[in-house]
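Q: Quick one: sequence plus predicted model below, questions after.
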Amino acid sequence: MSTATVATEFAKMRRLRLGWFSGLLLIGVAALTVFPAVSTIAAAGPSAPDGHVWRVVFGNLGLATALVPPLLLAVLASRQVEMEHRGNGWILSAASGVTPGRLCRAKFLAVGSLVVAATVATSLLLVAFGLAAGAQAPVPFGRWLGYTASAAVVHLAVLAFHLLLSARVENQLVGLGVGVLGIVLGVFGPVLPDWASHLTPWGYYALITPADYVGADLVHLDIPYTSVVALAVVGGGLFLATTARFDRQEA
């Protein structure tokens, strides 16, 4: 992948204000995690058991992650690809030696870097909130690192899908509609069997939920890292295979 091609995508992103949308990804997830957590933590008071603050933050984070990213990732992909449809960008890029598949891979690297940065920044912001909220237990760095990496993988898988969809379907409303469907799959994923959640990338938002209620108790949940790695391998392979097919087609 040419560095110049990726740099060109970053230049396009500045004109499209994609940095603002990635900021909304950070703010949206953080806000939907913090606002309900404040009242829950305050209600528990100083008598709450050790680790309660972190469980509350993780529990709200799981729902916030299923609600916000599916639609915003669709918007990010749509805006980055729409200009190619409107301005004959596929043809112009092909004329300069950048095939459609190569262009999609450059878009993924550029937009994906923003998504990963927003995901990491969100986790850091929420760790700071937990400390400010008076968490007595030490910061569970292992859980934070595991969840952040898992969320980044799922975000990138969803982004890759939307980039391919936006490249193939000129009507960008289709991608946004799929993003709304992704919210439904992510939110209601916990009530589905695990095998059903494995069938779509949005189902993984339910699989990586870091904390939830078991009966009346809010407890940490184990993230299925093997499934997340499988998603990265399978999703990455499908993305590379599909973009390689794009390379063999006319722009």
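A: Arrived safely, thanks for sending.

Q: lowest-pLDDT helix or strand in this protein?
A: Least confident helix or strand, the chain: helix 89-95 with a mean of 78, by mean pLDDT, DSSP states H and E.

Q: Export only the CA atoms of that helix, formatted as PDB.
A: Extracted in PDB, the C-alpha atoms of helix 89-95 (Å, rounded to 0.1, in the frame of the first residue of the first chain):
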ATOM      1  CA  GLY A  89     -13.100   9.200  -8.300                       C
ATOM      2  CA  TRP A  90     -12.900   5.500  -9.100                       C
ATOM      3  CA  ILE A  91     -12.000   6.300 -12.700                       C
ATOM      4  CA  LEU A  92      -9.600   9.100 -11.900                       C
ATOM      5  CA  SER A  93      -7.800   7.000  -9.300                       C
ATOM      6  CA  ALA A  94      -7.600   4.000 -11.800                       C
ATOM      7  CA  ALA A  95      -6.100   6.400 -14.400                       C
END
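
Q: what's downstream of it, the next helix or strand?
A: helix 100-132 (DSSP states H and E).

Q: What residues sit buried inside that following helix?
A: Buried residues in helix 100-132, counted by 16 or more other CB atoms under 10 Å: 100-108, 110-112, 114-116, 118-119, 121-123, 125-127, 129-130. C-beta coordinates here come from the backbone N, C-alpha and C atoms, glycine included.

Q: Show me what that helix is packed up against.
A: helix 3-16, helix 18-44, helix 52-67, helix 69-86, helix 89-95, helix 141-168, helix 225-247 (3 or more CB pairs under 8 Å, 6 or more residues apart in numbering; DSSP states H and E).

Q: For my notes, confirm residue 212 occurs in a strand.
A: Yes. Residue 212 forms part of a strand when assessed by DSSP: H, G, I helix; E, B strand; the rest coil.

Q: What is the burial count for it?
A: 17 (other CB atoms under 10 Å).

Q: Kindly report the same for residue 34.
A: Residue 34: 20 neighbours (other CB under 10 Å).

Q: Tell me if I'm right that residue 112 and residue 153 touch.
A: No. Applying CB atoms under 8 Å as the test, residue 112 and residue 153 come out as separate, 10.8 Å apart.

Q: Counting neighbours, which bits of the helix or strand harbouring residue 195 end up buried?
A: Using DSSP H and E, residue 195 sits within helix 194-197. By 16+ other CB under 10 Å, the buried positions in helix 194-197 come out as residue 197.

Q: on contacts alone, who are the packing partners of it?
A: Packed next to helix 194-197, using 3+ CB pairs under 8 Å, 6+ apart, are helix 204-207.

Q: CA atoms only for the helix it packs on, dumped as PDB, please.
A: The C-alpha atoms that make up helix 204-207 are tabulated as PDB, following Å, rounded to 0.1, in the frame of the first residue of the first chain:
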ATOM      1  CA  TYR A 204     -19.900  -9.300  18.500                       C
ATOM      2  CA  TYR A 205     -20.900  -6.100  20.400                       C
ATOM      3  CA  ALA A 206     -23.000  -8.400  22.600                       C
ATOM      4  CA  LEU A 207     -20.300 -11.100  22.900                       C
END
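
Q: so what does it touch, helix or strand wise?
A: Counting by 3+ CB pairs under 8 Å, 6+ apart, helix 204-207 packs on helix 52-67, helix 141-168, helix 173-188, helix 194-197, helix 225-247.

Q: pLDDT averaged over the fourth one - what is it?
A: Okay, so that is helix 194-197. Mean pLDDT, helix 194-197: 92.

Q: ok, now the second one?
A: Helix 141-168 shows a mean pLDDT of 96 in the predicted model.
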